[in-house]
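# Give me coordinates for this.
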Amino acid sequence: MDLPSLMRDDLTAALRERDRDTARVLRSALSAIANAEAQPAPEGGPLSLQGDGPIAGASSGLGSADVARRELTAEDVRAVVLSERDDCLASAADLDARGATDAAAALRTDAAVLGRYLR
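Numbers count the residues shown, from 1 in each chain. Have a look, this model is predicted:
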């Protein structure tokens, strides 16, 4: 089973168990993965100057603006999850330095949830 599928299954289980913290972390990580699958913005200037329809930036025809998502490798997905975990740990260190130990501990718990998927 691939990592996003495993995370979606665990999200479903967390929602059933009403584990809001785990569900929040998994939703955030799955969103980051989905964002990484998005295609980069097209080249060629602002969208308002692109397109051939009567509305600036619009394209005409059913499905003419649809773009296939990028296929991420297992290593790409792992890198996204690792980045999310590292962001949590960096923010926790910053909060510790500012004296917000409770918030830092919560972020370390979030990082631990993500760490389960990096083994």
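# Now do stretch 94-101: everything it contacts.
103, 104, 107 (C-beta atoms under 8 Å, 6 or more residues apart in numbering). For the C-beta atoms, the positions are set from N, CA and C on the backbone; glycine is no exception.
# quick one: buried residues of it?
For stretch 94-101, the neighbour count (16 or more other C-beta atoms under 10 Å) marks residue 95 as buried.
# What is the distance between that stretch and the centre of its chain?
Remark: stretch 94-101 is offset 25 Å from the chain centroid, using C-alpha atoms, centre = their mean, to the nearest Å.
# end to end, how far does it reach?
10 Å (C-alpha to C-alpha, to the nearest Å).
# Does residue 28 touch residue 83 like I think?
No - with contact defined as C-beta atoms under 8 Å, residue 28 does not count as touching residue 83 (11.7 Å).
# which residues in the protein form strands?
Under the criterion DSSP state E, the chain carries no strands.
# the longest helix in it is where?
Criterion DSSP state H: the longest helix present in the chain is helix 74-97.
# What residues of that helix count as buried?
77, 80, 81, 84, 85, 87, 88, 89, 91, 92, 95.
# give the contact list for the third one.
Going back to what we said before, that points to residue 81. Residues counted as contacts of residue 81 (C-beta under 8 Å, 6+ apart) are 3, 29, 32, 33, 114, 117, 118.
# remind me which residues of this protein are low pLDDT?
Residue ranges of the chain with pLDDT under 70: 41-66.
# what residue lies at the spatial centre of it?
In the chain, the C-alpha nearest the mean C-alpha coordinate belongs to residue 32, at 0.9 Å (C-alpha atoms, centre = their mean).
# does that residue really touch residue 82, like I thought?
No - between residue 32 and residue 82 there is no contact under C-beta under 8 Å: 10.7 Å.
# now the helices for the chain?
Taking DSSP H as the test, the helices found in the chain are 3-16, 20-37, 74-97, 101-115.
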